[in-house]
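>>> Below is the structure, and that's it, no one-letter string:
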């Protein structure tokens, strides 16, 4: 009897604390979502292109999106997409090969190499900006040719980001590799027939992060394009609309651009978030 | 089907850790050889060197007369079963077994025939479409064996294949491996730390310790004639009783004098000692628990006190202390005891034990080598 009462008490307490937590979470997400809702509303506002003192548009329409289509935005969007896609593919291939190698092969200097890359990775990439620009300029990969230049910058040091996927590979038993090798698989076949299917979360995590970096890049992209519109990515291009003399005629179009930029990333994340979470936590927990 | 020959094989890890010293062994075609020893004795390392999963530091490994030191595992004509099964978790049982054949680009209809035939032999036909995680340990091990079977390899390597199974299943799978061996009729090299597995499966047992071979021989040989103290204690359960005592030679006859008793070393063993002209002196006397009998008080019977009695069902394991405090184990078949005798066997009971000369093993206390081999 007594026990039952205590049990009921615990249950009620649990439910109460859950309710509080959920209310808190809802409040936080509403606050967090407000700016996004604001931008979406602005992008459909037709009555003026300026910044205004209210949120809900008086007149709704697609004029801002039509403006986008008629501007340089198409070019910038395409540039960004090419850079992000190429980086995603190349970085994923290089990083996964690197991680597999460091996880499975034992060679001289393996330890020092890993430590060296770890320490090197602690320096901010921005430090290399000036010398990188010089190198790219000598190669003719700046301004109008910024796209291949930025791909090169994004891919060049990608092997150094091996930690997460190596940690994940380490959790896959080595005997699977050995069984496959006895079965007749080459090292490369072991990687793509056995290891990668088992490491799906980490592959998707790698693709997503490799895509996201260049997709939202601003500093390097602006620097390498150096004022040539043909070499801009979306972030740099849209930023040119925010100067004092441009902002009043481009503000709502800027918001529409923001929505379009966010769209593919949002869709990607919604489809793959299950794997993404596994990827972020998987290596750490199991390792 | 093939012979395997290891000549002066050595494994040296970085920092000069030697895992296997000068390993020499010739395994005949269709022979079932078991490497057995405590963990860290180098048995798995040796197997992995034969498989090609571990570099060979020195020496040569030949399979069917061909030196395979520099060949990839897949080119050595071997199949291997791993301790943790190593099934590919994302593939069905069928795909697991078919994996090696698909890599060889064997036509799908041939693959189908081979996989279903192997599944039939192993009794896993109904699980072919399942993923490994939906199988029990025993079923997984069968799949692992099936995967090795379809490769039609010359040598079958098994690395502790039963150690992850529970005791009952292990006994059952052990019998199945004996049947499988009859069906496949190929060369087997089997690694285990379990001497029962070694004794029941092997044509020849290779007993290893710290990277050295301690003895190679048939189960009978290693049990009856252990080369040294290590083998004597390792093979047989419960392990052999070892007592330090004196060997006395009187008028051409040999006696041992454990615990004040004087027991003649007669028969072949006595003759063997005489033939080797062994002098009186300290020896290590070994007697297996099953070779010690309970006795009535008599001249050569050794008095002792029962400390623990373990009822194993068909037999009793009696742990007894002699008067000088040595602990011995005696194995008594329960059928040999009537009710009265059984009831008397409680802790603290005073007993007498004895053993015959032919059951004795004598070892040199310094070299730990058998004095009779």
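Noted; the coordinates are in hand. As the structure is a computational prediction, the values presented were derived from the model and not from experiment. Numbers count the residues shown, from 1 in each chain, chains lettered A, B, ... in the order given.
>>> Phi, psi for the closest residue to residue B:78 other than its chain neighbours please.
Counting by Cβ to Cβ, 6 or more residues apart in numbering or on different chains, the nearest residue to residue B:78 once its immediate chain neighbours are dropped is residue B:155, at 4.8 Å. All C-beta atoms are positioned from the backbone trio N, CA, C, and that covers glycine. Geometry field for residue B:155 lists phi and psi as phi -130, psi 130, criterion degrees, to the nearest 10.
>>> isn't there a strand covering residue A:264?
No: according to DSSP: H, G, I helix; E, B strand; the rest coil, residue A:264 belongs to no strand; its state is helix.
>>> What separation do you get for it and residue A:207?
Taking Cβ to Cβ, to the nearest Å as the criterion, residue A:264 is separated from residue A:207 by 13 Å.
>>> Compare these two (neighbour count), which wins?
It is residue A:207, of residue A:264 and residue A:207, that has more neighbours when counted by other Cβ atoms under 10 Å in any protein chain shown, with 21 against 14.
>>> Up against chain A, what does chain B have?
When proximity is defined by Cβ under 8 Å from any Cβ of the partner chain, chain B lies next to chain A at B:51-53, B:72-74, B:78-80, B:82-84, B:86-90, B:99-100, B:103-104, B:147, B:151.
>>> Let's see that with 6 Å instead.
Counting by Cβ under 6 Å from any Cβ of the partner chain, the residues of chain B lying close to chain A are B:53, B:73, B:74, B:80, B:82, B:84, B:86, B:88, B:90, B:99, B:100, B:103.
>>> Please, where are all the strands along the stretch 201-350 of chain B?
Residue ranges of the strands in the stretch 201-350 of chain B, as given by DSSP state E, counting those that start in this stretch, are B:204-209, B:212-217, B:241-250, B:253-256, B:263-265, B:281-287, B:292-294, B:302-311, B:315-322, B:327-333, B:350-355.
>>> okay if I get the ones you listed as JSON lines plus mean neighbour count?
Rendered in JSON lines, the data for those read as follows (neighbours: other Cβ atoms under 10 Å in any protein chain shown):
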{"stretch": "strand B:204-209", "mean neighbour count": "24"}
{"stretch": "strand B:212-217", "mean neighbour count": "20"}
{"stretch": "strand B:241-250", "mean neighbour count": "16"}
{"stretch": "strand B:253-256", "mean neighbour count": "19"}
{"stretch": "strand B:263-265", "mean neighbour count": "23"}
{"stretch": "strand B:281-287", "mean neighbour count": "19"}
{"stretch": "strand B:292-294", "mean neighbour count": "19"}
{"stretch": "strand B:302-311", "mean neighbour count": "16"}
{"stretch": "strand B:315-322", "mean neighbour count": "19"}
{"stretch": "strand B:327-333", "mean neighbour count": "18"}
{"stretch": "strand B:350-355", "mean neighbour count": "18"}
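>>> any chance you could read off phi and psi for the residue of the stretch 1-150 of chain A found nearest chain B?
Of all residues in the stretch 1-150 of chain A, the one sitting closest to chain B is residue A:106 (8.8 Å; Cβ to the nearest Cβ). Dihedral angles phi and psi of residue A:106 (degrees, to the nearest 10) take the values phi -110, psi 120.
>>> Can you read off the pLDDT for it?
On pLDDT, residue A:106 comes in at 86.
>>> Check the gap between it and residue A:168 for me.
To residue A:168, residue A:106 is 19 Å away according to Cβ to Cβ.
>>> Neighbour count: those two, which is higher?
Legend: neighbour count by other Cβ under 10 Å for residue A:106 and residue A:168, higher for residue A:168 (27 against 8).
>>> got a list of what residue 269 touches?
All of this refers to chain A. Shown in contact with residue A:269 (Cβ atoms under 6 Å, 6 or more residues apart in numbering or on different chains): no residues.
>>> think we crossed wires, I meant chain B
Under the criterion of Cβ under 6 Å, 6+ apart, the neighbours of residue B:269 are residue B:372.
>>> Let's see the pLDDT reported for the residue lying closest to residue B:278 once chain neighbours are set aside.
Among residues not flanking residue B:278 along the chain, residue B:371 sits closest, at 5.9 Å (Cβ to Cβ, 6+ apart). According to the per-residue confidence, residue B:371 scores 87 in pLDDT.
>>> how much space between residue B:371 and chain A?
When distances are taken as Cβ to the nearest Cβ, to the nearest Å, residue B:371 and chain A turn out to be 44 Å apart.
>>> Report the separation between that residue and residue B:254.
According to Cβ to Cβ, residue B:371 and residue B:254 sit 10 Å apart.
>>> Residue A:89 now?
When distances are taken as Cβ to Cβ, residue A:89 and residue B:254 turn out to be 83 Å apart.
>>> Once you drop chain neighbours, what's closest to the residue nearest the centre of chain A?
Most central in chain A under Cα atoms, centre = their mean is residue A:212, positioned 2.2 Å from the mean C-alpha point. Setting aside the residues directly before and after it, residue A:212 is nearest to residue A:265 in space (Cβ to Cβ, 6+ apart), at 6.8 Å.
>>> Tell me how many other residues crowd that neighbour.
Other residues within reach of residue A:265 by the criterion other Cβ under 10 Å amount to 15.
>>> Return the per-residue confidence for it.
Per-residue confidence for residue A:265 comes out at a pLDDT of 85.
>>> How about the one 10 residues further on?
We note a pLDDT of 74 for residue A:275 in this prediction.
>>> before we move on, what about residue A:140?
Residue A:140 is assigned 83 on the pLDDT scale.
>>> Can you name the residues that contact residue B:257?
Listed by Cβ under 6 Å, 6+ apart, the contact set of residue B:257 reads B:245, B:246.
>>> where does the residue lying closest to residue B:13 once chain neighbours are set aside land in three-state SS?
Closest residue in space to residue B:13, ignoring its immediate chain neighbours: residue B:19 at 6.1 Å, by Cβ to Cβ, 6+ apart. Judged by three-state DSSP, the three-state class of residue B:19 is strand.
>>> and residue B:89, what does it touch?
Residue B:89 makes contact with residue B:132 under the criterion Cβ under 6 Å, 6+ apart.
>>> Check residue B:357 too.
Shown here is residue B:357, whose contacts under the criterion Cβ under 6 Å, 6+ apart are B:264, B:265, B:266, B:267.
>>> any low-confidence regions in the stretch 151-287 of chain A?
Within the stretch 151-287 of chain A, the set of residues satisfying pLDDT under 70 comprises A:276-287.
>>> tell me which parts of it are close to chain B?
Counting by Cβ under 6 Å from any Cβ, the residues of the stretch 151-287 of chain A near chain B are A:175, A:176, A:178, A:179, A:181, A:182, A:183, A:184, A:185, A:194, A:197, A:198.
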